[in-house]
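> okay, here's the prediction I keep looking at, along with the sequence it came from:
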Amino acid sequence: MQITFLGTSSGVPTRSRNVSAVTLRLPQRSELWLFDCGEGTQHQFLRSDLRQSQLRRIFISHMHGDHIFGLPGLLASLGLAGNSSGIDLYGPDPLENYLEGVLYNSSSRIGYPIKVHQVRESAKQNKILFEDDDFAVRCTLISHRIPAFAYRVDQKPRPGKFDIEKARYLKIPPGPIFASLKRGEKVTLQDGRTFDGRDFCGPTRPGSSFVYCTDTIFSEDAVTLAKGADLLVHEATYSHGDAELACQRKHSTSTMAAQTAAEACVGQLVLTHLSPRYMPGNPTTPNDLLQEAKAIFPNTLLAKDFLTVEVKPKDRS
């Protein structure tokens, strides 16, 4: 899995940071998932090497404008382009009414299927929100001024590495038969020989996991959701010195994000959703927030727009 940040500012955009949007590129698929869609997200797509036409699922954390104002425009542009096979949207209860109102009153014609899924019950009952052969998505309610949700994507275990030299030595024809063996299936050749794919594959490889958590003050539910994840993307709107303001506005400091990562034993933490008050040149800078977090959780990165991060399974030995 691969994460690309399209917006890393909180509240309002700056010259170097747009408002919230993070994409997830799925391995071995021409498919993108989007987490939040602040104003201008479609412009950020155009400035990146990502294709809007590959968007398949969009997950909205909550209904504040810096996380949703870009959604109607993005959906309308996909309709005008005519290259979307359909979008599944996941988010808080008001999401569907919001979209219906904006699209209807702007006379926007979508022209492709959109399905909206309310996530509240899945979060409340700790149920899987979405699942297919390769991935499972869960969510949980976090602590903000309005209902807000964090999301977790787990890649399921993958077959072990395929021993292609062994298959060639046995004169097994490549193509679909190799694909079946890679999946661990049994195959019978035209000459009558039968092979078990499990004999050609190494040990099962663990999948990777990614958690997206914004906007919230420190949340035990977020810690639970993020347990053992390979990558945690967590808001760090404020510095540790502005903890009182963070508590008032139900946002996290850099140290709260690091505490979440440490208690959840994640592999890596990336800080995002930074307040514009910490722009370079001000008394406190984004690098100061990074150092605050690293003092608690050393394997921390600071997000910037268009940063791409590979989600790799952490060492579990």
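The structure has been received and is ready for your questions.

> going by C-alpha atoms from here, please, whenever you check contacts or count neighbours.
Noted.

> what's the local residue count around the nearest residue to Tyr112 once chain neighbours are set aside?
Excluding the flanking residues, the one nearest Tyr112 by C-alpha to C-alpha, 6 or more residues apart in numbering is Gly86, at 5.4 Å. Residues lying near Gly86 (other C-alpha atoms under 10 Å) number 19.

> wait, Gly86 touches Ser53, no?
No - counting by C-alpha atoms under 8 Å, Gly86 does not reach Ser53; the two are 9.8 Å apart.

> next up, the contacts around the residue nearest to Tyr112.
Shown in contact with Gly86 (C-alpha atoms under 8 Å, 6 or more residues apart in numbering): Arg56, Tyr112, Pro113, Ile114.

> so which of those residues wins on neighbours?
Neighbour max across those (other C-alpha under 10 Å) = Arg56, 18 neighbours.

> quick check: that one is in a strand.
Yes - the assignment for Arg56 is a strand, going by DSSP: H, G, I helix; E, B strand; the rest coil.

> ok, it touching Leu32?
Yes - the pair Arg56 / Leu32 is scored as a contact, 6.0 Å apart, by C-alpha under 8 Å.

> so what's Phe5 closest to, chain neighbours aside?
Val22 (4.6 Å).

> can you tell me the SS state at the residue in the chain sticking out farthest from the centre?
Here the centre of the chain is the reference, and by C-alpha atoms, centre = their mean the most remote residue is Asp191, at 47.0 Å. Following three-state DSSP, the label given to Asp191 is coil.

> ok, it to Arg198 distance?
Per C-alpha to C-alpha, to the nearest Å, Asp191 is found 20 Å from Arg198.

> could you do Leu103 as well?
51 Å.

> low-confidence stretches in this protein?
Where the chain drops to pLDDT under 70, the residues are 315-317.

> break it down into its domains, please.
Following automatic domain parsing, the chain resolves into domains at 2-158+205-310, 164-200.

> mind jotting down where the helices sit in the stretch 1-150 of the chain?
41-46, 65-68, 71-81, 95-105, 120-125 (DSSP state H, counting those that start in this stretch).

> distance of the residue farthest from the centre of the chain from Leu181?
17 Å.

> and if you look at Leu24?
29 Å.

> repeat that for Asn299.
38 Å.

> compare these two (neighbour count), which wins?
Leu181 (22 against 16).

> enumerate every residue touching the more buried one.
Val187, Asp196, Gly197, Arg198, Phe200 are the contacts of Leu181 under C-alpha under 8 Å, 6+ apart.

> give me the element it is part of.
Under the criterion of DSSP states H and E, Leu181 resides in helix 176-182.

> can you give me every residue that contacts the residue most central in space within the chain?
With the centre of the chain defined as its mean C-alpha position, the nearest residue by C-alpha atoms, centre = their mean is Leu24, 4.9 Å away. Neighbouring residues of Leu24 by C-alpha under 8 Å, 6+ apart: Met1, Gln2, Ile3, Thr4, Leu32, Trp33, Leu34, Phe35.

> and it, how far is that from Ala179?
Distance from Leu24 to Ala179, counting by C-alpha to C-alpha: 25 Å.

> show me where the stretch 1-150 of the chain has strands.
Along the stretch 1-150 of the chain, the stretches classed as strands by DSSP state E, counting those that start in this stretch are 2-7, 21-25, 32-35, 55-59, 87-91, 114-118, 130-131, 135-142, 148-155.
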